[in-house]
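Q: Predicted model, plus sequence, below.
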Amino acid sequence: MKLSSGEILAGCIVLVLLVFEVWQYLDAKAYRETMNAQLVLLSTRVDSVDERVQQARDKLEELEQSSLGGLIENANDALIQGWSAMIDTVEKELHRAKKGFDKPAGNAGAGTDPQTDQSSMSAPNGNGPL
C-alpha cells in the first residue's frame, strides 16, 4: 500500500487544521480566563465605587440637613406641624363646645333647669322677659 502524494498532502492538511483548532481552543480558553479575572477585578472596583458613592450621598444629606436651607426647611416643617396640631385642637374644642351648647338647649324644653328657663326667656339686653 503505497500512499500517493495527494493522500499525504490531505493528511498534512488535516493535521495542520487539527493543530490550528487545538491552538485556537487553548487561546480562547486563556482569553476567557483573562476576561474572568478582569471581570472579578472590575466587580470589586464597582462595589468599592458604589460604597464610596453611598458614603458621599450620606455626607451630602448630612450637609443639606445642617445647611441654612436645610435648617429653614426643618423649621418650616415643624411650624406647619405645629399649626396643624393647633388647628386640629381648636376644631375639636369647637365641636365639643357646640355639643355643649346643643345639649342644654335640648334640656331647657324639658324644664329641668329653672335658671336656664328664666335666662332663655329674658330679653336680649338682659332686662327681663320677652
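A: Happy to help now that I have it. Residues are numbered from 1 along each chain as shown.
Q: Please parse this structure into its domains.
A: Domain segmentation of the chain under automatic domain parsing yields 16-66, 68-106.
Q: What mean pLDDT does the first one get?
A: Put plainly, it is domain 16-66. For domain 16-66, the per-residue pLDDT values average out at 95.
Q: The chain: helices as residue ranges?
A: Taking DSSP state H to define them, one finds helices in the chain at 5-66, 68-108, 114-121.
Q: Out of the domains of the chain, which gets nearest to Glu7?
A: Proximity to Glu7 (C-beta to C-beta) singles out domain 16-66 among these, at 14.9 Å. From N, CA and C alone the C-beta is placed, and that goes for glycine too.
Q: Pull the number of nearby residues for Asp77.
A: Neighbourhood size, Asp77 [other C-beta atoms under 10 Å]: 10.
Q: contacting residues around it?
A: Asp77 makes contact with no residue under the criterion C-beta atoms under 8 Å, 6 or more residues apart in numbering.
Q: again, but for Asn76
A: Counted by C-beta under 8 Å, 6+ apart, Asn76 has zero contacts.
Q: So for it, what pLDDT did the model give?
A: pLDDT recorded at Asn76 is 90.
Q: repeat for Leu130
A: Predicted confidence (pLDDT) for Leu130: 49.
Q: going forward can the numbers begin at 57, since that is how I track them
A: With the count now opening at 57, the last piece we talked about shows up as Leu186.
Q: for the record, mean pLDDT for stretch 148-164?
A: Stretch 148-164 shows a mean pLDDT of 79.
Q: With just CA atoms, put it into CSV.
A: Provided in CSV are the C-alpha atoms of stretch 148-164 (Å, rounded to 0.1, in the frame of the first residue of the first chain):
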residue,chain,number,x,y,z
LYS,A,148,-62.1,69.6,68.5
GLU,A,149,-62.8,72.2,71.1
LEU,A,150,-65.3,73.9,68.8
HIS,A,151,-67.1,70.7,68.2
ARG,A,152,-67.1,70.0,71.9
ALA,A,153,-68.4,73.5,72.7
LYS,A,154,-71.1,73.1,70.0
LYS,A,155,-72.2,69.8,71.6
GLY,A,156,-72.2,71.6,75.0
PHE,A,157,-74.4,74.4,73.6
ASP,A,158,-76.7,71.9,71.9
LYS,A,159,-77.1,69.7,75.0
PRO,A,160,-78.5,72.3,77.4
ALA,A,161,-80.9,73.7,74.7
GLY,A,162,-82.5,70.2,74.4
ASN,A,163,-82.9,70.0,78.2
ALA,A,164,-84.4,73.5,78.5
